[in-house]
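Peer 1: here are the coordinates; sequence isn't available:
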C-alpha cells in the first residue's frame, strides 16, 4: 500500500463540474488528495493544460459521472510514487497528457506516460508540451516523416499545434504553408515561421500557385469538415493527407476511390495514444522536443494563463474561439 508523505495534505482544492451544462456549473471545492495506485505517481500541479475535450465533458456532450474534475494534461513535481514504479522518483519534474483529474492541486498519472522535464524548461510552459507538442512531433516525425525540401500545408497556423508543427517542419527543412481566419492570426503564423499564410476562403487556389500546380507533399488538417475536401485537392500525386482533428465537425464518410482519382493519395486519421504506446517512445519524443527547445529551434506559446479557480472563465474564452497558442490553468 502506497504511503503518502506526512507533509502532503489530506485534501486539496479542485475545479469541480457539479452537473452537465455551461461553465457556470464549475465550483471551487475541497476534495481528497488521491493516492497513487501501483505504476502511478502523485504529482503536485504546476500548471494544467486546457483542451477542448474538457468542454465536451463539462457540457454533457461526452458522458462522464458528475460531480467531475476534468483534465488529463498537466505538469508538476512528483511527491509520491506507487508500488512497482522504478523509472520516476520523488522530486522529479514531469509533464503528462495521461493524468487523472488535473484541474486540481495534485493529480495521479501512469509512471510510463510521464515526460521528464529538464531543469532548463519552465514547468508552466512544459504544460504546453504533452498534447500539442507531442501531437506536432508525431505528425511530422512519424505519420509523415518531413524532410528537407518537402512542402507542407497545415490548418490553424496560429493555434497551439499549428505554431509548434510549423516550427518543427521548418527545423526539418520544409516549406510550410498554412491557413488562418484573421489578420491577427496571420501575424502569429508568420512569426512561427510559415512561408505562406492564406485565408480559408482561397487557400486551395493559393497552394496551387505557390507549388506551381504540383501540390503539397502532405496536408495536415485539424479543422475537418470545412476544409478537408480542399486540403485533399491540394496534395500532390502519391502525397498524404493527415486528418488529425475536427474543429469544424467530423468529415463525412467518403469513397476511397477518390484517393485514386486524386493521384493515388495516402490518407490517415492518427491519434496520440497510438504514437505513445511505450515509455521508450514517449521518452524519444520528449527528448527531441525538449532538445529543440534548449537549442532555440522551438519556442512555446503559452498565450493565456488563468487561475485554476477561474476554470469557468477559461472555458468561456476557449469556447468563444478567442484563444491562440496554449491556455493553461495555474493553481
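Peer 2: Received, thanks. Owing to the predicted nature of the structure, the values given are computational and were not obtained by experimental measurement. Numbering: from 1, shown residues only.

Peer 1: got a list of contacts for stretch 49-58?
Peer 2: Outside stretch 49-58, the residues that touch it by C-beta atoms under 8 Å, 6 or more residues apart in numbering are 17, 20-23, 25-26, 62, 64, 68, 70-74, 97, 102-103, 127-128, 130-132, 247, 304, 306, 314-315, 318-319, 326-329. Where you see a C-beta, it was placed from the backbone N, CA and C, and this is true even at glycine.

Peer 1: just the buried residues of it, please?
Peer 2: 49-51, 54-55, 57-58 (16 or more other C-beta atoms under 10 Å).

Peer 1: so what's the residue count around the nearest residue to residue 223 once chain neighbours are set aside?
Peer 2: Leaving aside its chain neighbours, residue 223 sits nearest to residue 155 (4.5 Å; criterion: C-beta to C-beta, 6 or more residues apart in numbering). Look at residue 155: counted by other C-beta atoms under 10 Å, it has 28 neighbours.

Peer 1: list the contacts of residue 155.
Peer 2: Taking C-beta under 8 Å, 6+ apart as the test, what residue 155 contacts is 162, 178-179, 220-223, 227, 231.

Peer 1: so for it, what's the pLDDT?
Peer 2: Note for residue 155: predicted pLDDT of 98.

Peer 1: bridging residues for it?
Peer 2: With DSSP bridges applied, residue 155 shows beta-bridge pairing to residue 179.

Peer 1: rewinding a little: what is the nearest of the buried residues of stretch 49-58 to residue 216?
Peer 2: Closest approach between those and residue 216, by C-beta to C-beta: residue 51, at 27.4 Å.

Peer 1: partner strands of the one helix or strand residue 76 maps to, parallel or antiparallel?
Peer 2: Using DSSP states H and E, the element containing residue 76 is strand 74-81. Applying DSSP bridges to the sheet, strand 74-81 is found paired with strand 40-49 (antiparallel), strand 93-96 (antiparallel).

Peer 1: now for these, which one comes closest to residue 168?
Peer 2: Set against residue 168 and scored by C-beta to C-beta, the strands paired with strand 74-81 come closest in strand 93-96, at 17.5 Å.

Peer 1: how about the helices in the stretch 151-300 of the chain?
Peer 2: 160-171, 183-191, 203-210, 228-233, 257-261, 279-295 (DSSP state H, counting those that start in this stretch).

Peer 1: can you list the domains in the protein?
Peer 2: 11-128+300-330, 132-273 (automatic domain parsing).

Peer 1: adding distance to residue 287, write the ones you listed out as JSON lines.
Peer 2: Below are those laid out as JSON lines (distance: least, C-beta to C-beta, whole Å):
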{"stretch": "domain 11-128+300-330", "distance to residue 287": "8"}
{"stretch": "domain 132-273", "distance to residue 287": "10"}
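
Peer 1: out of these, which is closest to residue 294?
Peer 2: Using C-beta to C-beta, these put domain 11-128+300-330 closest to residue 294, at 5.8 Å.

Peer 1: on that earlier part again, list buried residues within the contacts of stretch 49-58.
Peer 2: Buried among the contacts of stretch 49-58 by 16+ other C-beta under 10 Å: 17, 20, 23, 25-26, 68, 70-74, 97, 102-103, 127-128, 130-132, 247, 304, 306, 314-315, 318, 326-329.

Peer 1: inside helices: which ones of the residues you listed?
Peer 2: 314-315, 318 (DSSP state H).

Peer 1: point out the least confident member of those, please.
Peer 2: residue 318 (90).

Peer 1: gap between that one and residue 128?
Peer 2: 14 Å (C-beta to C-beta, to the nearest Å).

Peer 1: surely residue 139 meets residue 272?
Peer 2: No: with contact defined as C-beta atoms under 8 Å, residue 139 does not reach residue 272; the gap is 9.7 Å.

Peer 1: wait, which of the strands paired with strand 74-81 is closest to residue 83?
Peer 2: Of all the strands paired with strand 74-81, strand 40-49 sits nearest to residue 83, with 9.0 Å by C-beta to C-beta.
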